[in-house]
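> Quick one, what's the 3D model for this:
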Amino acid sequence: MRLFLLIVLLQPLGALAEDYVVIIIKNHKFQPAEITIPAGKKMELIIHNQDATPEEFESHELNREKIIAGNSKARIFIGPLAPGRYPFFGEFNEATAQGVIIVK
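Numbering: from 1, shown residues only. Below is the predicted model of the structure:
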């Protein structure tokens, strides 16, 4: 146990913190609509739906689908991912709720 605690304490602070990106849904649009993240790293998407109506975050490429109630937040974990483009959309407002995650 002491060895584990010593190893944890010697890690850089960035290694202990979860990497995340905040995406806001407002007026049935994702903001930002384009996100760049590093390849090979697990990431957390924190999606804050500021609209009064629910929206569904969906991405076939990421194999993720989650309904986010109005005026609420959701967490979605992705990765580690290979370099590329991973589009996502809001199924309830697909004409306006569009975005892409760019992995470099």
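
> Tell me where this structure has strands.
Under the criterion DSSP state E, the chain carries strands at the ranges 20-26, 29-31, 34-37, 43-49, 55-59, 64-68, 72-78, 84-90, 98-103.

> just checking, which of the ones you listed sits deepest inside the structure?
Stretch with highest mean neighbour count among these: strand 55-59 (a mean of 20; mean count of other C-beta atoms under 10 Å). To be clear about C-beta, it is placed using only N, CA and C from the backbone, and glycine gets the same treatment.

> Okay, angle between that one and strand 72-78 too, please.
Strand 55-59 runs at 10 degrees relative to strand 72-78, counting by axes from the mean of the first three to the mean of the last three C-alpha atoms, to 10 degrees.

> List the contacts of strand 55-59.
Strand 55-59 is touched from outside by 25, 28, 45, 47, 49, 64-68, 74, 76, 86-93, 97, 101, with contacts defined as C-beta atoms under 8 Å, 6 or more residues apart in numbering.

> at 6 Å instead, please
Strand 55-59 is contacted by residues 25, 47, 49, 65, 66, 67, 68, 88, 89, 90, 91, 92 when judged by C-beta atoms under 6 Å, 6 or more residues apart in numbering.

> ok, the most centrally placed residue in the chain - contacts?
The chain has residue 45 as the residue nearest its centroid, 2.0 Å off, counting by C-alpha atoms, centre = their mean. Contacts of residue 45 were listed using C-beta under 6 Å, 6+ apart, and they are 21, 23, 76.

> One more: residue 36?
Residue 36 neighbours (C-beta under 6 Å, 6+ apart): residue 102.
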